[in-house]
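>>> pasting the sequence and the predicted coordinates here, then a few questions.
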Amino acid sequence: MITPKKDTPAFSFDECLGCLDITTPKEFSFTEALTHLSRSSLECMHYIENGKVFKLIEIDGDQILIEISEKESATIQVRFVDGKSRNDAVCEKITGYVTEWFDLQTDLVPFYRMAKNDFLLSKLAKDFYGLRIVGIPDLFEALCWAVMGQQVNLRFAYTLKKRFVESFGQQVQWNGRQYWSFPKPSDISAISVDELRKLQFTSKKAEYILGIAKLMGSGELSKESLMLLNDFKAAEQKLLSIRGIGPWTAHYVLMRCLRDATAFPIGDAGLQNALKQLLDRAQKPALEEIRQLFDPWKGWEAYAVFYLWRSLGSPSTKSSSTKK
DNA sequence: TTCCAGGACATTT
DNA sequence: AAATGTCATGGA
């Protein structure tokens, strides 16, 4: 069985303020998490304002709008926007959610030890210190997002997600703003390809997502069942057996949802472009070279990829790149 | 205009 | 088994 580290950080609940403090590891940067979450203005699954993230999460069937901000060093604060208090059991679940979302359970010390003297990673580890793999805890969301991202530019992928969520998800209004929850498999399994075609999904993307919704709706596929498998390799095989899920999608989901630190979407175009830029090459490195580059990073492939992706959005590493 | 983007699958050689 | 075509849109 794949056992996630269950060393939940300490939390304290202040009943009066309707808040929850979560202690974060030393190697955690809330700013880096915010940078990641701010990638697209079309993002519909959370809202960011003044260094605070607003997100609708579901606990025991209840939708709770939370606001997360950095309180002081090594502490982030979760505020319940409705001001109501929650009991300890719910607080624990919220803490668990945030911990998983922000990847607070991973010990990054070995990663940084490894990266410290690496010719490529040392700079990235320094520049983006505290960056963790921001997760997509919901398996259906992770799979749908990965399918939407297949072979289209990221902006269009966000457009598709926004249309999808606003068509089939649930919303909560607060202070004149809408907060969305991702559609459930059961919301999607019965719709038709045409309904997704209207949102400008390709027929294939529509079929893939309907197929995944049916598998998850029937219980044939679930995050829990994947985590019950012997290892991530078995989870990968299960994912690859599903129509529409190829190597890239499988590894992307292993990385963002199942938290496999060895997940390695080697064919990823963004990864190849990041390496091309960092190595100052005229062309993207070949797959075999990428494999060799990653060889010293065994066990931390997913983190290496995430830091390389991060480098693409960084002004500090941006150079006057010419195309192709 | 052309190329290809955080791919996967079907079809053709 | 490996190369090639297809999907849809958008940005450079």
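Received, thanks.
>>> from the stretch 1-150 of chain A, which residue is nearest to DNA strand C?
Minimum separation of the stretch 1-150 of chain A from DNA strand C (CB to the nearest atom of the strand) falls at A:Q150, amounting to 8.1 Å. Every residue, glycine included, has its C-beta placed from N, CA and C.
>>> burial count for that residue?
17 (other CB atoms under 10 Å).
>>> same question, A:R291
Neighbourhood size, A:R291 [other CB under 10 Å]: 12.
>>> test my guess that it contacts A:I266.
Yes - between A:R291 and A:I266 a contact is recorded at 6.8 Å, counting by CB atoms under 8 Å.
>>> got the residues of the stretch 201-324 of chain A near DNA strand C?
For the stretch 201-324 of chain A, the residues in contact with DNA strand C (CB under 7 Å from any atom of the strand) are A:F201, A:T202, A:S203, A:K204, A:K205, A:K323.
>>> might you list the low-confidence residue ranges for chain A?
For chain A, applying pLDDT under 70 flags the ranges A:4-17, A:314-324.
>>> name the single longest strand found in it.
Across chain A, the longest stretch assigned as strand under DSSP state E is strand A:62-72.
>>> flag every buried residue along that one.
For strand A:62-72, the neighbour count (16 or more other CB atoms under 10 Å) marks A:I64, A:L65, A:I66, A:E67, A:I68, A:S69, A:E70, A:K71 as buried.
>>> identify all contacting residues around it.
A:21, A:30-31, A:51-58, A:76-82, A:86, A:90, A:94, A:98, A:170, A:172, A:174, A:179, A:181 (CB atoms under 8 Å, 6 or more residues apart in numbering).
>>> ok, now with 6 Å
A:30, A:52-57, A:76-79, A:81, A:172, A:174, A:179 (CB atoms under 6 Å, 6 or more residues apart in numbering).
>>> any idea how far A:A125 lies from A:E27?
Between A:A125 and A:E27 the distance is 10 Å, computed by CB to CB, to the nearest Å.
>>> starting from the helix or strand that contains A:V253, tell me the next helix or strand along the chain.
Using DSSP states H and E, A:V253 maps to helix A:247-256. Per DSSP H and E, the first helix or strand lying C-terminal to helix A:247-256 is helix A:269-278.
>>> tell me what angle that following helix forms with helix A:247-256.
Orientation check (axes from the mean of the first three to the mean of the last three CA atoms, to 10 degrees): helix A:269-278 against helix A:247-256 gives 80 degrees.
>>> closest one of the residues of the stretch 201-324 of chain A next to DNA strand C to DNA strand C?
Nearest to DNA strand C, judged by CB to the nearest atom of the strand, of these is A:T202 at 2.4 Å.
>>> please report the distance of the residue of the stretch 1-150 of chain A closest to DNA strand C from A:K204.
In this view, A:Q150 and A:K204 are 9 Å apart by CB to CB.
>>> got it, and A:D138?
On the measure of CB to CB, A:D138 and A:K204 end up 23 Å apart.
>>> same thing with A:Q63?
A:Q63 is 32 Å from A:K204, by CB to CB.
>>> cool, and A:P110?
Counting by CB to CB, the separation of A:P110 from A:K204 is 40 Å.
>>> just to revisit the earlier point, report whether the helix holding A:V253 contacts DNA strand B.
Yes - contact of helix A:247-256 with DNA strand B (CB under 7 Å from any atom of the strand) involves A:P247, A:W248, A:T249, A:A250, A:Y252, A:R256.
>>> just the buried ones from those residues?
Counted by 16+ other CB under 10 Å, these give A:W248, A:T249, A:A250, A:Y252, A:R256 as buried.
>>> nearest to A:L196 among those residues?
Set against A:L196, the nearest of these by CB to CB is A:T249 (17.2 Å).
>>> what residues are up against the nearest residue to that closest one once chain neighbours are set aside?
Leaving out its chain neighbours, the residue that sits closest to A:T249 by CB to CB, 6 or more residues apart in numbering is A:A146, at 4.4 Å. Taking CB under 6 Å, 6+ apart, we find A:A146 in contact with A:T249, A:Y252, A:V253.
>>> and the helix or strand that contains A:L308, does that touch DNA strand B?
A:L308 is part of helix A:301-312 when elements are defined by DSSP H and E. Yes - judged by CB under 7 Å from any atom of the strand, helix A:301-312 comes into contact with DNA strand B at A:W309.
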